[in-house]
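Chemist: The following comprises the amino acid sequence and a computationally predicted model.
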Amino acid sequence: MNTYYSPLRKGQGIESDVQGYEVTLPDIPAREFQITDFGAVGDGVTDNTEMFRLAIATCAEAGGGRVVIPAGIWLTGPIVLRSRIELHVQTGALVTFSRNFDQYPLIASSFEGWQAVRCQSPIDGEHLEDIAITGEGTWDGGGEAWRPVKRSKMTSSQWNQLVSSGGVVEQAGGDDAIWWPSTSALEGGAIVSRLHSEQVRDVASYEGARDFLRPNMVSLRQCKRVLLDGPTFQNSPAWNLHPWASEHVTIRNVSVRNPWFSQNGDGLDIDSCRHVAVENSVFDVGDDAICLKSGKDSEGRELGLPSEYITIRNCTVYHGHGGFVIGSEMSGGVRHVRVSDCTFIGTDIGLRFKSARGRGGVVEDIQVERIYMKDIIMEAISFSFFYANQEGSARGSDLSQEISEETPVFRDIRISDVVCAGAETALLVSGLPEMPLDGLVIEGYKVSARKGVQCAHAKHLRIAELHAHITEGSLIHLHQCKGAEVEVIEGAGPDGRLLTVTGHESAGIVCREGDADEEGRQISVGPEVRSGVIIRR
């Protein structure tokens, strides 16, 4: 058996029981088929859609093998994969996908946690086994032909150039708000919302919204033994890489790129997948970079396919709304995840956990270690369970709601040995009052940020070996937290407070700092906090 094992190494002087999970690689015969033998021309002008189809069909009928794409610029419509096929893009090969929407038929697919009708992806596969995309060439999804663009993300000259290229502009309050590539794309959202609310699944009914239904670049649904190794995947119409309900997926040595302003320009969305390894890869994208999902709301809960047994290591993220992300579509659950040795530079948020009431689902057994971050725009580490389709981390309130199957659960999460040189906030927890974040451990965290640790609605929280340099507020602020402990805390709160505790339901706050109450390290308790809540040891 061709099995790849991805253990997480131990850091120097660190005792770690974190291990990766076994992932089986595809088994593909050692025979080759050159795309040029089927009449393909790499001049950037010739439409090679039929040539790709013939090469893949011939290879599959021979029992499988490698389809080789040599140096050149290869224009094509969507490529439909088959089992036991490896697409190998050699150095110097650039595959560009057609801007003709009519070449992308509407199909039943998956997007943002729901089963949905979408245009067929540029690279598409379903119910396949043993597939691979390898080599050092580049796949370009032609996303600029599909994506809407927000005015707020363009300079005046960029916006004027975009508008002059064609398309239509959506107004908001009398001002330019969003550029759309066509009137059909602009109006398609309302059509899709209506059809979804009416639970219409007939593909033909969505034809009037085709321009709106932009595809993910690589869509692999219910596949087994998948390997992406080496190429650059860039400029996707929507998400870039999207394995859904698949098993034994290995993604390594890839570069994933989308413009920073690209709407829904995620890098990698691992969605309801089991046994996944992601390593030695680089992401620079317009939305979340490395993201774990498992369906949305009732549909995700009914499907009940968690993302589990996942190893992520040695990856670098530049621009992205989040470096490593879980959610917000996690209704089928996410568990048994190991992340290590990753670097995030200039992302909006570093480690991002997000959900909302209505999702349900359980996220548990997540271990993250040795993460290095620099110039994080917002929170270095964020847990926000009030997600409302917005950038950043939403804060919640103390108003509790009844617990039901729609209540998301996050528990048993350990983050250790993290360094962050610059962030707005060191750690934010915005938990649900009715279902607090349970069992978060932060150990070995060195951080410089404007604000320190801000935790609301968490229980069984442990913060240890925190070395923090902050410029505003208390070093640690716990609000409505139960069963928390802090120890080996280095740094001083600019407001003179080491620890601030608020909230009438706060309880069992253990502080093991012997120098508490010295200058810059006071313990402050709100007037609503019951007596005896702070336990000093």
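Modeler: Everything's here; your move.
Chemist: Could you pull up the contacting residues of Pro78?
Modeler: Pro78 makes contacts with Thr49, Phe97, Gln103, Tyr104, Gln120, Ser121, Pro122, Ile123, Asp124, as judged by Cβ atoms under 8 Å, 6 or more residues apart in numbering. No exception for glycine: its C-beta is placed from N, CA and C like everyone else's.
Chemist: so what's the second one up against?
Modeler: Phe97 makes contact with Leu75, Thr76, Gly77, Pro78, Pro122, Trp139, Asp140, Gly141, Gly142, according to Cβ under 8 Å, 6+ apart.
Chemist: next one: the fifth one
Modeler: For Gln120, the set of contacting residues under the criterion of Cβ under 8 Å, 6+ apart consists of Pro78, Val80, Tyr104, Pro105, Leu106, Ile107, Ser109, Pro215.
Chemist: Kindly recompute the last result at 7 Å.
Modeler: Pro78, Tyr104, Pro105, Ile107, Pro215 (Cβ atoms under 7 Å, 6 or more residues apart in numbering).
Chemist: So among these, which ones count as buried?
Modeler: Buried residues within the contacts of Gln120, counting neighbours by 16 or more other Cβ atoms under 10 Å: Pro78, Tyr104, Ile107, Pro215.
Chemist: Can you add pLDDT, distance to Ala185 and secondary structure and give those back as TSV?
Modeler: As requested, the buried ones among the contacts of Gln120 are exported to TSV (pLDDT from 0 to 100; distance: Cβ to Cβ, whole Å; DSSP: H, G, I helix; E, B strand; the rest coil):
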residue	pLDDT	distance to Ala185	secondary structure
Pro78	98	18	coil
Tyr104	97	13	coil
Ile107	92	18	strand
Pro215	96	13	coil
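Chemist: So which of those residues is the closest to Gln222?
Modeler: Within the buried ones among the contacts of Gln120, distances to Gln222 taken as Cβ to Cβ reach their minimum at Ile107, with 13.5 Å.
Chemist: Bridged to the closest one, which residues?
Modeler: Assessed by DSSP bridges, Ile107 has beta-bridge partners Arg118.
Chemist: list the buried ones in the longest strand seen in the chain?
Modeler: When every strand of the chain is counted residue by residue (DSSP state E), the longest turns out to be strand 458-479. Of all the residues in strand 458-479, those buried under the rule 16+ other Cβ under 10 Å are 458-464, 466, 468-470, 473-479.
Chemist: before we move on, what about stretch 168-178?
Modeler: Applying 16+ other Cβ under 10 Å to stretch 168-178 flags Val169, Ile178 as buried.
Chemist: ok, now stretch 84-97?
Modeler: In stretch 84-97, counting by 16+ other Cβ under 10 Å, buried: Arg84, Ile85, Glu86, Leu87, His88, Val89, Ala93, Leu94, Val95, Thr96, Phe97.
Chemist: pretty sure the second one is in contact with Val67, am I right?
Modeler: Yes - look at Ile85 against Val67 with Cβ atoms under 7 Å: they come within range, at 6.4 Å.
Chemist: Find the residues that touch each one of these two.
Modeler: Counting by Cβ under 7 Å, 6+ apart, the common neighbours of Ile85 and Val67 are Ile56, Cys59.
Chemist: circling back to that earlier point, name the residues that touch the next helix or strand after the longest strand of the chain?
Modeler: Downstream of strand 458-479, the next assigned helix or strand under DSSP states H and E is strand 482-490. With Cβ under 7 Å, 6+ apart as the test, strand 482-490 has contacts from 458-467, 475-476, 478, 498-499, 505-513.
Chemist: Chain neighbours aside, what residue packs nearest to the residue nearest the centre of the chain?
Modeler: In the chain, the residue lying closest to the centroid (Cα atoms, centre = their mean) is Cys291, at 2.1 Å. Using Cβ to Cβ, 6 or more residues apart in numbering and skipping the chain neighbours, the partner closest in space to Cys291 is Val325 (4.3 Å).
Chemist: Which of the residues in stretch 529-537 are classified as buried?
Modeler: Buried positions in stretch 529-537, judged by neighbour count with 16+ other Cβ under 10 Å: Val529, Val533, Ile534.
Chemist: Between the two ends of that stretch, what distance do you get?
Modeler: 19 Å (Cα to Cα, to the nearest Å).
Chemist: which residues are in contact with it?
Modeler: Counting by Cβ under 7 Å, 6+ apart, 501-504, 506-512, 516, 523, 525 sit against stretch 529-537.
Chemist: repeat that for 6 Å
Modeler: Stretch 529-537 is contacted from outside by Val501, Ser506, Ala507, Ile509, Val510, Cys511, Arg512, using Cβ atoms under 6 Å, 6 or more residues apart in numbering.
Chemist: Using PyMOL, define a selection of the buried residues within those.
Modeler: To isolate the buried ones among those in PyMOL, judged by 16+ other Cβ under 10 Å, type:
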select buried, resi 501+506+507+509+511
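Chemist: Can you verify Gly188 is assigned to a helix?
Modeler: Yes - assessed with DSSP: H, G, I helix; E, B strand; the rest coil, Gly188 lies in a helix.
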